[in-house]
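Q: Got a sequence here, can you model it:
(one chain, ligands or ions: 1)
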Amino acid sequence: MSAPERTAPSAEPTSALAIETRGLTKRFGSQTAVAGIDLAVPRGSVFGFLGPNGSGKTTSIRMLMGLVAPSSGEAQVLGSDISTGVGDVLPRVGALVEGPAFLPFLSGAANLNRFDAADRWAPSATRRRRIADALDAVGLGAAASKKVHAYSLGMKQRLGLAGALLMPRELLVLDEPTNGLDPQGTREVRSLIRSFADGGTTVFVSSHLLAEIEQVCSHAAVLSAGALVAQGRLEELAGEARVRVVTPDAAAASTVLTQLGLAVQTTPADAAAPVATDAGPVVLASVGESGVDLDRVVDRLVGAGVRVRGFALEQPSLEDRFVALTGAGFDVDH
Ligand SMILES: Nc1ncnc2c1ncn2[C@@H]1O[C@H](COP(=O)(O)OP(=O)(O)OP(=O)(O)O)[C@@H](O)[C@H]1O
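A: Numbers count the residues shown, from 1 in each chain. Model (predicted):
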């Protein structure tokens, strides 16, 4: 399937951020669902909003879309403050939040027609073509005239996505768009997201499944129990590469690695170290900004008389990092 041709409408004075929040908070009675988050979503990014079920993603998105008022804090969407109403910017935002209510006895196309007709910014002259394009874009072209009660859950999810695509958008906000989709459908949504981003649309996409959206995101934020525990470019979030050296000469190895500009993280003397293998103690050193030629590290170690029995370059996975940040509850396995 392919995305319909789209151009983002021109924005007012442009901030570099499509979404910005400061201390955004939502309490339900004594429960704090969203605890003072500071989000910074760059324009043009594909921003993954990640966190386990119940961590506050939907509540945050509902605040951003003006569906529920914050208890405190501020937020701007496409430069407009949500406290003064997001009505002005909503025509520039396509949202898929909580699965829209479709009428089961109408076809997919007829449901989109109702949807579009209710949008006072949507020109009726192009409606039929836009609906056909949106249905094609989500792979429902062949099921356009089928009644929605005969749609699978995944097809309904796609129809919701099509609803967000009826007009050109500057920002797409998608709450768990891969829910209910099979692996093929998930891949298709990912490729759609990529094509929107290529066209200049900022995509803010929530998921509790890291693996599903990791490949398509340029940035991510991680929510845990309502709090933002990490945010940034994906490669920054994953953490630094490090080398692992197994050697009986740990002290000498540490000295050489330090001389090369690596930061030795742990030595066998550290209580918490992954202390040893059968072949000897383990020395870990992060590569950081050292700019060291890793191919030369073993040479240098051996040249200094260090007996190297194991050597590896390790790139921590995002999954490891997110599990560490959010606890064991983060469903990363799909
Ligand atoms: N209207 C409400 N009244 C009371 N509590 C609510 C309400 N909406 C959400 N909550 C609570 O706020 C917390 C965050 O829920 P939210 O739906 O935002 O999380 P989520 O990360 O989107 O999770 P999920 O992926 O399961 O939807 C949950 O504990 C939820 O029970």
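Q: Which secondary structure elements does the longest helix along the chain sit against?
A: Longest helix in the chain, counting residues (DSSP state H): helix 183-198. Counting contacts by 3 or more Cβ pairs under 8 Å, 6 or more residues apart in numbering; DSSP states H and E, helix 183-198 packs against strand 46-50, helix 153-164, strand 171-175, strand 202-207, helix 210-213. Just so you know, the C-beta spots here come from the backbone N, C-alpha and C atoms, and that holds for glycine as well.
Q: May I see the buried residues of it?
A: Of the residues in helix 183-198, those buried by neighbour count under the rule 16 or more other Cβ atoms under 10 Å are 185-186, 188-190, 192-193, 195-197.
Q: Relative to Thr247, which of these is nearest.
A: Distance to Thr247, by Cβ to Cβ, is smallest for Arg190 among the buried residues of helix 183-198, at 42.6 Å.
Q: The residue nearest to that closest one when sequence neighbours are not counted and the ligand: what is the separation?
A: Closest residue in space to Arg190, ignoring its immediate chain neighbours: Val216 at 4.7 Å, by Cβ to Cβ, 6 or more residues apart in numbering. Per Cβ to the nearest ligand atom, to the nearest Å, Val216 is found 19 Å from the ligand.
Q: thought Val216 was touching Phe196?
A: No - if you go by Cβ atoms under 8 Å, Val216 and Phe196 don't touch, sitting 10.1 Å apart.
Q: where exactly do the helices run in this protein?
A: Under DSSP H, the chain gives helices at 57-64, 108-117, 127-137, 153-164, 183-198, 210-213, 234-237, 250-259, 297-303, 318-326.
Q: which one of those lies closest to the ligand?
A: Nearest of the helices of the chain to the ligand, taken as Cβ to the nearest ligand atom: helix 57-64 at 3.2 Å.
Q: wait, does that closest one contact the ligand?
A: Yes - using Cβ under 6 Å from any ligand atom, helix 57-64 reaches the ligand at 57-59.
Q: contacts for that helix?
A: By Cβ atoms under 8 Å, 6 or more residues apart in numbering, the residues outside helix 57-64 that reach it are 19, 21, 24, 26, 33-34, 37, 39, 49-51, 68-70, 75, 77, 82, 86, 95, 97-98, 173, 175-176, 204, 206, 208, 223.
Q: so where is this protein shaky, pLDDT-wise?
A: Applying pLDDT under 70 to the chain flags the ranges 1-14, 99-100, 266-279, 327-334.
Q: So which bits of it are right by the ligand?
A: Looking at the ligand, the residues of the chain close enough under Cβ under 6 Å from any ligand atom are 28, 31, 33, 51, 53-59, 208.
Q: Now do the phi/psi pair for Leu106.
A: phi -100, psi 160 (degrees, to the nearest 10).
Q: Next, work out how far apart the residue nearest to it when sequence neighbours are not counted and Leu112 are.
A: Closest residue to Leu106 apart from its sequence neighbours, by Cβ to Cβ, 6+ apart: Val148 at 6.3 Å. Per Cβ to Cβ, to the nearest Å, Val148 is found 10 Å from Leu112.
Q: do the same with Ala16
A: In this view, Ala16 and Leu112 are 33 Å apart by Cβ to Cβ.
Q: Now do the contacts for the residue nearest to Gly79 when sequence neighbours are not counted.
A: Leaving aside its chain neighbours, Gly79 sits nearest to Ser15 (5.1 Å; criterion: Cβ to Cβ, 6+ apart). Ser15 is in contact with 43, 76, 79, counting by Cβ under 8 Å, 6+ apart.
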